[in-house]
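Chemist: Give me a model of this one.
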Amino acid sequence: MTLETLISNYGPLAVFLGAGFEGETAVFLGGVFAHRQLFPFWQAALAAVLGSFLVDQAWFFAGRHAHRLAFVQRLLKTPAAARVHGLLNAHPTAFILGFRFIYGMRTVSPIAIGLTSVSAVRFVMLNFIAAVVWGVAISAIGYLFGNAVEALFGRLRLHLHLLIALGVVLVGIGLLAFLLHRHWRKAGADKP
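Modeler: From the prediction side, this is the model:
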């Protein structure tokens, strides 16, 4: 069995799992693979939406019903949890719609939201809207990036496409994380 056959058969499942537990990289690569016609774009986007939505719902209910568990307590003692509470108190609807777009707050946010008075129905609706926007957008960016890779490098073998895309994504994520961390540290130092 070839790598392309494996990705064609199990790619949407990998995107589903990756969207829930890893995030943007798996969804982005799902879009790249859809561009390579290993599976349809709608499957990549749907897998991203459902993976993100379902896992964030699970985290929300972990915060709501399992807040005494050790791993939940550890997550709530992180600096990210403090930022989540500040943003959630200032702009609850906007934060629920946007937390998955904020690097470093993806897992702790739904847990922290689950500990608040935000109703489960409200969270489900806002979480679904945000998951649709996020899943389709990141998949589409990957799909469009697939065009750029082909334009720059021609029809490379699949494993080279994967390595190039993964390398670019990892460097981009690392740079973004570094810049955001530096900004937050500077913003925290400037506060009296």
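
Chemist: contacts and neighbour counts: CA atoms only from here.
Modeler: Noted.

Chemist: Excluding sequence neighbours, find me the nearest residue to F53.
Modeler: A131 (5.5 Å; C-alpha to C-alpha, 6 or more residues apart in numbering).

Chemist: how many neighbours does that neighbour have?
Modeler: 25 (other C-alpha atoms under 10 Å).

Chemist: can you check G104 too?
Modeler: 15.

Chemist: Is it in contact with P79, as I believe?
Modeler: No: counting by C-alpha atoms under 8 Å, G104 does not reach P79; the two are 10.1 Å apart.

Chemist: State the distance from G142 to A90.
Modeler: 33 Å (C-alpha to C-alpha, to the nearest Å).

Chemist: next one: L115
Modeler: On the measure of C-alpha to C-alpha, L115 and A90 end up 16 Å apart.

Chemist: tell me the phi and psi of the residue positioned nearest the centre of the chain?
Modeler: Most central in the chain under C-alpha atoms, centre = their mean is G23, positioned 3.1 Å from the mean C-alpha point. Backbone torsions for G23, taken as degrees, to the nearest 10, come to phi 120, psi -130.

Chemist: Of all the helices and strands in the protein, which has the lowest average confidence?
Modeler: Lowest by mean pLDDT, DSSP states H and E among the helices and strands of the chain is helix 158-190, with a mean of 67.

Chemist: List the residues that contact the residue nearest to F53.
Modeler: Taking C-alpha atoms under 8 Å, 6 or more residues apart in numbering as the criterion, A131 is in contact with 48-50, 52-53.
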